[in-house]
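[1] Starting from these lines, generate the structure:
(one chain, ligands or ions: 1)
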Amino acid sequence: MAASNQPTNTAAWLDEAGASFSIREAPMPEPGPDEVIIKTAALAVNPVDAARQALGFLIQSYPWIFGCDGAGVITAVGSDIRENDLKVGDRVIALSDEWSVHKPSHGMYQRYVAVSTKYTCKIPDAVSFEDGVVLPLGILTATSMMFEKDNLELSWPVDEEKGVTAPMGKGKPGTEKEVVVIWGGSSSVGACAVQLAKAAGYKVVGTARKVNFGLLEECGADATFDHTDEDVVDKLCKWVEERGLKLAGVAAAISSDDALSKCGLIAQRLDGMKWVSTSRAKGISPVPEMPEGVQASNALGIEEPELQEHIFKKWMSAALESRQLKCKPNANIVGTGLGSLDEACALMRKGVSGQKIVVKLE
Ligand SMILES: NC(=O)c1ccc[n+]([C@@H]2O[C@H](COP(=O)([O-])OP(=O)(O)OC[C@H]3O[C@@H](n4cnc5c(N)ncnc54)[C@H](OP(=O)(O)O)[C@@H]3O)[C@@H](O)[C@H]2O)c1
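    Down below sits the predicted model:
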(Lines give C-alpha, C1' and ligand atoms only; values in the text may rest on other atoms or scores of the structure.)
Protein backbone atom coordinates (compact mmCIF):
# COMPACT_ATOMS: atom_id res chain seq x y z
CA MET A 1 0.00 0.00 0.00
CA ALA A 2 1.38 3.45 -0.92
CA ALA A 3 2.24 5.66 2.05
CA SER A 4 -0.05 8.69 2.43
CA ASN A 5 1.50 12.16 2.00
CA GLN A 6 -1.20 13.72 4.16
CA PRO A 7 0.38 15.37 7.20
CA THR A 8 -0.71 14.00 10.56
CA ASN A 9 -1.12 15.91 13.77
CA THR A 10 0.47 15.17 17.15
CA ALA A 11 -0.49 16.80 20.44
CA ALA A 12 0.51 16.98 24.08
CA TRP A 13 -2.70 15.55 25.58
CA LEU A 14 -3.55 15.96 29.24
CA ASP A 15 -5.41 12.79 30.28
CA GLU A 16 -6.07 13.87 33.89
CA ALA A 17 -5.12 16.68 36.27
CA GLY A 18 -1.55 16.34 37.45
CA ALA A 19 -0.56 13.81 34.78
CA SER A 20 2.43 14.06 32.47
CA PHE A 21 1.52 15.00 28.91
CA SER A 22 0.82 12.06 26.61
CA ILE A 23 2.31 12.75 23.18
CA ARG A 24 0.10 11.07 20.62
CA GLU A 25 -1.90 11.60 17.46
CA ALA A 26 -4.64 14.24 17.37
CA PRO A 27 -7.27 15.07 14.73
CA MET A 28 -6.04 17.44 12.00
CA PRO A 29 -7.90 20.71 12.73
CA GLU A 30 -9.99 22.47 10.04
CA PRO A 31 -10.11 26.28 10.04
CA GLY A 32 -13.40 28.01 10.83
CA PRO A 33 -14.28 30.99 8.55
CA ASP A 34 -12.19 33.47 10.56
CA GLU A 35 -9.51 31.04 11.67
CA VAL A 36 -6.14 29.85 10.39
CA ILE A 37 -4.23 26.62 10.91
CA ILE A 38 -0.67 27.06 12.13
CA LYS A 39 2.04 24.43 11.98
CA THR A 40 3.72 25.23 15.28
CA ALA A 41 7.49 25.58 15.47
CA ALA A 42 7.87 26.98 19.00
CA LEU A 43 5.68 27.07 22.11
CA ALA A 44 5.98 29.11 25.31
CA VAL A 45 4.89 28.27 28.84
CA ASN A 46 2.99 30.71 31.05
CA PRO A 47 2.11 30.37 34.74
CA VAL A 48 -1.47 29.50 33.75
CA ASP A 49 -0.33 26.66 31.44
CA ALA A 50 1.81 25.09 34.15
CA ALA A 51 -1.02 25.44 36.67
CA ARG A 52 -3.52 23.88 34.27
CA GLN A 53 -1.34 20.82 33.83
CA ALA A 54 -1.01 20.37 37.59
CA LEU A 55 -4.54 21.26 38.66
CA GLY A 56 -6.65 20.64 35.57
CA PHE A 57 -8.68 23.85 35.81
CA LEU A 58 -10.59 25.35 32.84
CA ILE A 59 -10.64 21.88 31.24
CA GLN A 60 -13.96 20.79 29.75
CA SER A 61 -13.32 17.05 29.63
CA TYR A 62 -10.37 14.65 29.37
CA PRO A 63 -8.31 14.07 27.34
CA TRP A 64 -7.71 17.76 26.54
CA ILE A 65 -5.19 19.97 24.71
CA PHE A 66 -4.35 23.47 25.98
CA GLY A 67 -1.46 25.98 25.83
CA CYS A 68 -1.54 29.74 25.15
CA ASP A 69 1.45 30.90 23.10
CA GLY A 70 2.67 29.51 19.79
CA ALA A 71 4.68 30.49 16.71
CA GLY A 72 4.89 28.87 13.31
CA VAL A 73 3.72 28.96 9.71
CA ILE A 74 0.15 29.19 8.41
CA THR A 75 -0.85 26.06 6.49
CA ALA A 76 -4.55 26.80 5.85
CA VAL A 77 -6.89 29.79 6.09
CA GLY A 78 -10.64 30.06 6.67
CA SER A 79 -13.10 31.23 4.03
CA ASP A 80 -13.48 34.77 5.44
CA ILE A 81 -9.77 35.61 5.60
CA ARG A 82 -8.60 38.40 3.30
CA GLU A 83 -5.27 37.71 1.60
CA ASN A 84 -3.85 41.04 2.71
CA ASP A 85 -4.52 39.97 6.29
CA LEU A 86 -3.11 36.44 6.51
CA LYS A 87 -2.21 33.75 3.96
CA VAL A 88 -0.67 30.29 3.71
CA GLY A 89 3.08 30.49 4.29
CA ASP A 90 2.99 33.53 6.60
CA ARG A 91 5.25 33.32 9.65
CA VAL A 92 3.18 34.22 12.69
CA ILE A 93 2.92 34.31 16.45
CA ALA A 94 -0.48 33.59 17.96
CA LEU A 95 -2.48 33.29 21.12
CA SER A 96 -4.84 30.38 21.60
CA ASP A 97 -8.53 31.02 22.26
CA GLU A 98 -9.11 27.43 23.45
CA TRP A 99 -10.14 28.68 26.90
CA SER A 100 -13.04 30.64 25.37
CA VAL A 101 -14.10 28.41 22.45
CA HIS A 102 -13.69 25.25 24.57
CA LYS A 103 -12.22 23.11 21.79
CA PRO A 104 -9.02 21.02 22.12
CA SER A 105 -8.35 21.71 18.42
CA HIS A 106 -7.51 25.28 19.58
CA GLY A 107 -5.08 24.34 22.38
CA MET A 108 -1.59 25.48 21.34
CA TYR A 109 0.37 22.44 22.53
CA GLN A 110 0.08 20.49 19.27
CA ARG A 111 1.77 20.53 15.84
CA TYR A 112 -1.27 21.81 13.90
CA VAL A 113 -3.55 24.20 15.75
CA ALA A 114 -6.63 26.21 14.79
CA VAL A 115 -6.48 29.83 15.98
CA SER A 116 -8.65 32.89 15.57
CA THR A 117 -7.09 35.54 13.35
CA LYS A 118 -7.88 38.10 16.06
CA TYR A 119 -4.78 37.20 18.02
CA THR A 120 -2.52 36.12 15.16
CA CYS A 121 0.27 38.47 14.15
CA LYS A 122 2.76 38.26 11.28
CA ILE A 123 6.42 38.41 12.29
CA PRO A 124 9.35 39.63 10.20
CA ASP A 125 11.89 37.08 8.89
CA ALA A 126 14.48 38.51 11.26
CA VAL A 127 12.45 37.37 14.27
CA SER A 128 12.86 33.67 15.05
CA PHE A 129 9.90 31.58 16.18
CA GLU A 130 11.62 30.93 19.53
CA ASP A 131 11.99 34.67 20.14
CA GLY A 132 8.57 35.76 18.85
CA VAL A 133 6.68 33.17 20.88
CA VAL A 134 7.54 34.97 24.14
CA LEU A 135 5.11 37.77 23.29
CA PRO A 136 1.42 36.95 22.66
CA LEU A 137 -0.09 36.46 26.15
CA GLY A 138 2.22 39.07 27.67
CA ILE A 139 1.16 41.66 25.09
CA LEU A 140 -2.52 40.75 25.44
CA THR A 141 -2.51 41.05 29.23
CA ALA A 142 -0.44 44.23 29.32
CA THR A 143 -2.75 45.75 26.69
CA SER A 144 -5.81 44.85 28.71
CA MET A 145 -4.32 46.34 31.88
CA MET A 146 -3.19 49.60 30.35
CA PHE A 147 -5.40 50.55 27.40
CA GLU A 148 -8.88 49.13 27.96
CA LYS A 149 -11.67 51.50 28.98
CA ASP A 150 -12.30 49.67 32.28
CA ASN A 151 -8.63 49.86 33.19
CA LEU A 152 -6.06 52.65 32.84
CA GLU A 153 -7.28 53.76 29.41
CA LEU A 154 -3.86 55.12 28.46
CA SER A 155 -3.03 56.58 25.04
CA TRP A 156 -2.42 53.81 22.52
CA PRO A 157 1.06 52.83 21.30
CA VAL A 158 2.30 54.18 17.97
CA ASP A 159 5.24 53.49 15.68
CA GLU A 160 6.26 56.68 13.92
CA GLU A 161 8.93 54.96 11.81
CA LYS A 162 6.36 52.55 10.39
CA GLY A 163 3.53 55.11 10.19
CA VAL A 164 1.33 53.44 12.80
CA THR A 165 -0.69 56.17 14.48
CA ALA A 166 -3.30 56.00 17.22
CA PRO A 167 -6.91 56.36 16.04
CA MET A 168 -8.61 59.71 16.70
CA GLY A 169 -9.10 60.24 20.42
CA LYS A 170 -6.83 57.35 21.42
CA GLY A 171 -3.56 59.24 21.52
CA LYS A 172 -2.81 62.45 23.32
CA PRO A 173 0.07 64.91 23.25
CA GLY A 174 2.09 65.65 26.34
CA THR A 175 2.19 62.10 27.69
CA GLU A 176 5.91 62.60 28.38
CA LYS A 177 4.91 64.57 31.47
CA GLU A 178 3.03 61.51 32.70
CA VAL A 179 4.48 58.37 34.17
CA VAL A 180 3.27 54.79 34.19
CA VAL A 181 4.52 52.59 37.02
CA ILE A 182 4.94 48.92 36.09
CA TRP A 183 5.20 46.65 39.12
CA GLY A 184 7.00 43.41 38.19
CA GLY A 185 8.64 44.77 35.04
CA SER A 186 10.85 41.69 34.61
CA SER A 187 7.88 39.35 34.27
CA SER A 188 6.57 38.44 30.82
CA VAL A 189 3.55 40.69 31.25
CA GLY A 190 5.72 43.43 32.78
CA ALA A 191 8.36 43.48 30.02
CA CYS A 192 5.55 43.86 27.46
CA ALA A 193 3.88 46.53 29.58
CA VAL A 194 7.06 48.60 29.76
CA GLN A 195 7.47 48.46 25.97
CA LEU A 196 3.81 49.26 25.26
CA ALA A 197 3.80 52.23 27.65
CA LYS A 198 7.00 53.60 26.10
CA ALA A 199 5.55 53.19 22.61
CA ALA A 200 2.56 55.19 23.80
CA GLY A 201 4.92 58.02 24.78
CA TYR A 202 4.91 57.82 28.58
CA LYS A 203 7.75 57.96 31.04
CA VAL A 204 8.00 54.51 32.58
CA VAL A 205 9.20 53.43 35.98
CA GLY A 206 9.47 49.70 36.65
CA THR A 207 10.33 47.37 39.48
CA ALA A 208 12.52 44.26 39.34
CA ARG A 209 15.30 42.65 41.30
CA LYS A 210 18.70 44.24 40.56
CA VAL A 211 19.75 41.28 38.40
CA ASN A 212 16.96 42.23 35.97
CA PHE A 213 17.57 46.00 35.79
CA GLY A 214 19.30 45.50 32.39
CA LEU A 215 16.17 43.81 31.02
CA LEU A 216 14.01 46.80 31.93
CA GLU A 217 16.57 49.15 30.41
CA GLU A 218 16.44 47.16 27.15
CA CYS A 219 12.65 47.47 27.26
CA GLY A 220 13.01 51.24 27.56
CA ALA A 221 12.23 51.92 31.23
CA ASP A 222 13.35 55.37 32.37
CA ALA A 223 14.11 54.11 35.88
CA THR A 224 13.93 50.81 37.75
CA PHE A 225 13.63 50.16 41.47
CA ASP A 226 14.32 46.94 43.37
CA HIS A 227 11.05 45.51 44.66
CA THR A 228 12.94 43.63 47.40
CA ASP A 229 14.22 46.94 48.85
CA GLU A 230 12.11 47.82 51.89
CA ASP A 231 12.14 51.50 50.89
CA VAL A 232 11.07 50.79 47.31
CA VAL A 233 7.79 52.74 47.54
CA ASP A 234 9.47 55.82 48.96
CA LYS A 235 12.39 55.76 46.51
CA LEU A 236 10.14 55.24 43.49
CA CYS A 237 7.73 58.01 44.53
CA LYS A 238 10.61 60.45 45.18
CA TRP A 239 11.99 59.80 41.67
CA VAL A 240 8.61 60.67 40.17
CA GLU A 241 8.00 63.70 42.42
CA GLU A 242 11.46 65.21 41.82
CA ARG A 243 10.73 65.23 38.09
CA GLY A 244 7.29 66.81 38.52
CA LEU A 245 5.62 63.91 36.69
CA LYS A 246 1.96 63.07 36.95
CA LEU A 247 0.88 59.46 37.52
CA ALA A 248 -0.99 58.02 34.53
CA GLY A 249 -1.58 54.81 36.46
CA VAL A 250 0.02 51.79 38.08
CA ALA A 251 0.04 48.52 36.14
CA ALA A 252 0.70 45.60 38.48
CA ALA A 253 2.00 42.81 36.24
CA ILE A 254 2.73 40.94 39.46
CA SER A 255 -0.38 41.08 41.60
CA SER A 256 0.39 39.31 44.87
CA ASP A 257 -1.27 40.87 47.94
CA ASP A 258 2.08 42.34 48.99
CA ALA A 259 2.75 43.78 45.52
CA LEU A 260 -0.74 45.30 45.35
CA SER A 261 -0.49 46.86 48.78
CA LYS A 262 2.69 48.65 47.62
CA CYS A 263 1.09 49.65 44.33
CA GLY A 264 -1.86 51.05 46.29
CA LEU A 265 0.48 53.20 48.39
CA ILE A 266 2.20 54.53 45.25
CA ALA A 267 -1.13 55.46 43.64
CA GLN A 268 -2.32 57.09 46.85
CA ARG A 269 0.84 59.17 47.27
CA LEU A 270 1.53 60.35 43.73
CA ASP A 271 -0.31 63.15 41.99
CA GLY A 272 -2.51 61.92 39.13
CA MET A 273 -4.51 58.80 38.32
CA LYS A 274 -5.33 56.92 41.53
CA TRP A 275 -5.71 53.57 39.82
CA VAL A 276 -3.96 50.20 40.05
CA SER A 277 -4.66 47.94 37.12
CA THR A 278 -3.79 44.37 38.06
CA SER A 279 -3.01 41.18 36.13
CA ARG A 280 -5.53 39.27 38.24
CA ALA A 281 -7.99 37.56 35.93
CA LYS A 282 -11.38 39.27 35.67
CA GLY A 283 -14.18 37.11 37.11
CA ILE A 284 -11.71 34.65 38.64
CA SER A 285 -9.39 36.45 41.02
CA PRO A 286 -10.77 39.52 42.85
CA VAL A 287 -8.54 42.43 43.81
CA PRO A 288 -7.89 43.25 47.48
CA GLU A 289 -9.09 46.46 49.06
CA MET A 290 -6.99 49.49 48.11
CA PRO A 291 -6.08 52.50 50.28
CA GLU A 292 -8.69 55.26 50.43
CA GLY A 293 -9.20 57.04 47.13
CA VAL A 294 -7.47 54.35 45.03
CA GLN A 295 -9.28 52.05 42.61
CA ALA A 296 -8.14 48.67 41.35
CA SER A 297 -9.24 46.59 38.38
CA ASN A 298 -8.66 43.21 36.70
CA ALA A 299 -7.60 42.15 33.23
CA LEU A 300 -8.73 39.40 30.87
CA GLY A 301 -8.33 39.46 27.09
CA ILE A 302 -9.05 42.57 25.02
CA GLU A 303 -12.73 43.44 24.90
CA GLU A 304 -12.56 46.44 22.51
CA PRO A 305 -12.28 45.15 18.90
CA GLU A 306 -10.61 48.40 17.74
CA LEU A 307 -7.91 48.04 20.40
CA GLN A 308 -7.35 44.37 19.63
CA GLU A 309 -6.95 45.23 15.93
CA HIS A 310 -4.64 48.15 16.64
CA ILE A 311 -2.30 46.03 18.75
CA PHE A 312 -2.34 42.64 17.01
CA LYS A 313 -2.88 43.76 13.40
CA LYS A 314 -1.12 47.12 13.21
CA TRP A 315 1.31 47.97 15.97
CA MET A 316 2.92 44.62 16.84
CA SER A 317 4.11 43.58 13.35
CA ALA A 318 5.32 47.12 12.58
CA ALA A 319 7.06 47.49 15.92
CA LEU A 320 8.80 44.13 15.56
CA GLU A 321 10.12 45.29 12.19
CA SER A 322 11.30 48.66 13.46
CA ARG A 323 12.74 46.95 16.60
CA GLN A 324 10.65 49.24 18.76
CA LEU A 325 9.17 45.99 20.16
CA LYS A 326 11.75 43.49 21.37
CA CYS A 327 11.04 39.86 22.18
CA LYS A 328 11.42 40.20 25.94
CA PRO A 329 11.97 38.60 28.34
CA ASN A 330 14.48 36.40 26.53
CA ALA A 331 13.48 32.86 25.62
CA ASN A 332 15.04 30.10 27.69
CA ILE A 333 14.77 27.15 25.30
CA VAL A 334 14.50 24.13 27.57
CA GLY A 335 14.11 21.40 24.97
CA THR A 336 12.97 20.29 21.56
CA GLY A 337 9.71 18.48 20.85
CA LEU A 338 6.32 18.27 22.57
CA GLY A 339 7.89 15.77 24.99
CA SER A 340 9.85 18.68 26.56
CA LEU A 341 6.64 20.35 27.77
CA ASP A 342 6.61 18.36 31.04
CA GLU A 343 10.00 19.72 32.01
CA ALA A 344 9.04 23.19 30.77
CA CYS A 345 5.88 23.29 32.91
CA ALA A 346 7.74 21.89 35.93
CA LEU A 347 10.33 24.69 35.61
CA MET A 348 7.57 27.27 35.31
CA ARG A 349 5.94 25.99 38.51
CA LYS A 350 9.25 26.52 40.35
CA GLY A 351 9.16 30.15 39.17
CA VAL A 352 11.22 32.10 36.67
CA SER A 353 13.11 35.38 36.77
CA GLY A 354 13.40 37.63 33.74
CA GLN A 355 12.93 34.84 31.17
CA LYS A 356 10.26 32.96 29.22
CA ILE A 357 10.33 29.20 29.06
CA VAL A 358 10.18 28.02 25.47
CA VAL A 359 10.08 24.65 23.71
CA LYS A 360 11.27 24.31 20.10
CA LEU A 361 9.46 21.88 17.88
CA GLU A 362 11.79 21.66 14.89
N1 LIG B 1 -5.39 38.19 33.71
C2 LIG B 1 -4.86 37.49 32.73
O3 LIG B 1 -5.49 37.20 31.71
C4 LIG B 1 -3.42 37.04 32.85
C5 LIG B 1 -2.71 36.63 31.71
C6 LIG B 1 -1.36 36.30 31.85
C7 LIG B 1 -0.75 36.36 33.09
N8 LIG B 1 -1.49 36.71 34.17
C9 LIG B 1 -0.87 36.76 35.50
O10 LIG B 1 0.11 37.79 35.46
C11 LIG B 1 1.15 37.47 36.35
C12 LIG B 1 2.47 37.61 35.61
O13 LIG B 1 2.57 36.58 34.63
P14 LIG B 1 3.94 36.40 33.85
O15 LIG B 1 3.82 35.28 32.93
O16 LIG B 1 4.35 37.72 33.37
O17 LIG B 1 4.87 35.98 35.11
P18 LIG B 1 6.38 35.53 35.13
O19 LIG B 1 7.11 36.02 33.95
O20 LIG B 1 6.44 34.08 35.43
O21 LIG B 1 6.86 36.32 36.44
C22 LIG B 1 8.16 36.15 36.90
C23 LIG B 1 8.67 37.48 37.40
O24 LIG B 1 7.92 37.88 38.55
C25 LIG B 1 8.71 38.81 39.24
N26 LIG B 1 8.25 38.93 40.63
C27 LIG B 1 8.05 37.92 41.49
N28 LIG B 1 7.60 38.43 42.68
C29 LIG B 1 7.57 39.77 42.53
C30 LIG B 1 7.19 40.84 43.40
N31 LIG B 1 6.78 40.63 44.64
N32 LIG B 1 7.24 42.09 42.91
C33 LIG B 1 7.65 42.32 41.64
N34 LIG B 1 8.02 41.36 40.78
C35 LIG B 1 7.98 40.09 41.23
C36 LIG B 1 10.11 38.25 39.16
O37 LIG B 1 10.96 39.37 39.13
P38 LIG B 1 12.44 39.35 39.71
O39 LIG B 1 13.03 38.02 39.36
O40 LIG B 1 13.09 40.51 39.00
O41 LIG B 1 12.29 39.52 41.17
C42 LIG B 1 10.11 37.46 37.83
O43 LIG B 1 10.90 38.07 36.83
C44 LIG B 1 0.88 36.05 36.87
O45 LIG B 1 0.27 36.14 38.12
C46 LIG B 1 -0.09 35.52 35.86
O47 LIG B 1 -0.92 34.51 36.38
C48 LIG B 1 -2.78 37.08 34.08
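
[2] mind giving me the domain split of the protein?
    9-134+330-360, 139-303 (automatic domain parsing).

[3] Give me the buried positions along stretch 240-248.
    Neighbour-count burial for stretch 240-248, counted by 16 or more other C-beta atoms under 10 Å, picks out 240, 245, 247-248. (Glycine included, C-beta is placed from N, CA and C.)

[4] my bad, should have said stretch 66-82
    Buried positions in stretch 66-82, judged by neighbour count with 16+ other C-beta under 10 Å: 66-72, 74-78, 81.

[5] Repeat that for stretch 134-146.
    Residues 134-146 are the ones in stretch 134-146 that count as buried (16+ other C-beta under 10 Å).

[6] Let me know the closest of the residues you listed to residue 330.
    Of all the buried residues of stretch 134-146, residue 330 sits closest to residue 134, with 7.5 Å by C-beta to C-beta.

[7] Tabulate the domains of the chain (TSV), appending distance to the ligand and mean pLDDT.
    Formatted as TSV, these follow (distance: least, C-beta to the nearest ligand atom, whole Å; pLDDT from 0 to 100):
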stretch	distance to the ligand	mean pLDDT
domain 9-134+330-360	3	97
domain 139-303	3	96
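
[8] Save the ones you listed as a markdown table, and put in distance to residue 322 too.
    Listed next are those as a markdown table, based on distance: least, C-beta to C-beta, whole Å:
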| stretch | distance to residue 322 |
| --- | --- |
| domain 9-134+330-360 | 10 |
| domain 139-303 | 4 |
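
[9] Nearest the middle, which residue of this protein would you pick?
    Among the residues of the chain, the one closest to the centroid is residue 138, at 1.3 Å (C-alpha atoms, centre = their mean).

[10] Spell out which helix or strand contains it, please.
    helix 136-147 (DSSP states H and E).

[11] Packing partners of that helix?
    Here helix 136-147 touches strand 69-77, strand 91-95, helix 188-199, strand 246-252, strand 275-281, strand 295-299, going by 3 or more C-beta pairs under 8 Å, 6 or more residues apart in numbering; DSSP states H and E.

[12] which of the ones you listed is buried the deepest?
    With neighbours taken as mean count of other C-beta atoms under 10 Å, these reach their highest mean count in helix 188-199, at a mean of 29.

[13] Give me the pLDDT value at residue 1.
    Here, the pLDDT recorded for residue 1 equals 49.

[14] now do the one 4 residues further on
    Each residue has a pLDDT score; the one for residue 5 is 76.

[15] Can you classify it as helix, strand or coil?
    Using DSSP: H, G, I helix; E, B strand; the rest coil, the structure places residue 5 in coil.

[16] how far away is it from residue 110?
    Remark: distance between residue 5 and residue 110 (C-beta to C-beta, to the nearest Å) = 20 Å.

[17] swap in residue 267?
    From residue 267 to residue 110 the distance is 42 Å (C-beta to C-beta).

[18] Between the two, point out the one with more neighbours.
    Taking other C-beta atoms under 10 Å, residue 267 and residue 110 do not tie; residue 110 has more neighbours (30 against 25).

[19] I'd guessed that one sits against residue 27; true?
    No: contact criterion C-beta atoms under 8 Å: residue 110 and residue 27 do not qualify, at 9.7 Å.

[20] which residues are in contact with both of those two?
    Both residue 110 and residue 27 are in contact with residue 9, where contact means C-beta atoms under 8 Å, 6 or more residues apart in numbering.

[21] Please enumerate the helices of the chain.
    Assigned helices in the chain, in chain order: 47-55, 98-101, 129-132, 136-147, 188-199, 213-219, 232-242, 257-269, 305-309, 316-322, 341-350 (criterion: DSSP state H).

[22] Run the chain-centre distance for the third one.
    The chain centroid and the centroid of helix 129-132 are separated by 13 Å, computed with C-alpha atoms, centre = their mean, to the nearest Å.

[23] Show the contacting residues for residue 20.
    Neighbour list for residue 20: residue 342 [criterion: C-beta under 8 Å, 6+ apart].

[24] ugh, wrong one, I meant residue 360
    By C-beta under 8 Å, 6+ apart, the contact list for residue 360 reads 41-42, 129-130, 333, 335-337.

[25] show me the contacts for residue 131.
    Taking C-beta under 8 Å, 6+ apart, one finds 327, 330-331 in contact with residue 131.

[26] now, the most widely separated pair of the buried residues of stretch 66-82?
    Across the buried residues of stretch 66-82 (C-beta to C-beta), the longest gap, 24.4 Å, separates 66 and 81.

[27] was I right about residue 304 contacting residue 151?
    No: in this structure, residue 304 is not within contact of residue 151 by C-beta under 8 Å, at 10.7 Å.

[28] When those two are compared, which one has more neighbours?
    Taking other C-beta under 10 Å, residue 304 and residue 151 do not tie; residue 151 has more neighbours (23 against 15).

[29] Tell me who's in contact with the more buried one.
    By C-beta under 8 Å, 6+ apart, the contact list for residue 151 reads 144-145, 249, 275, 277, 297, 299.
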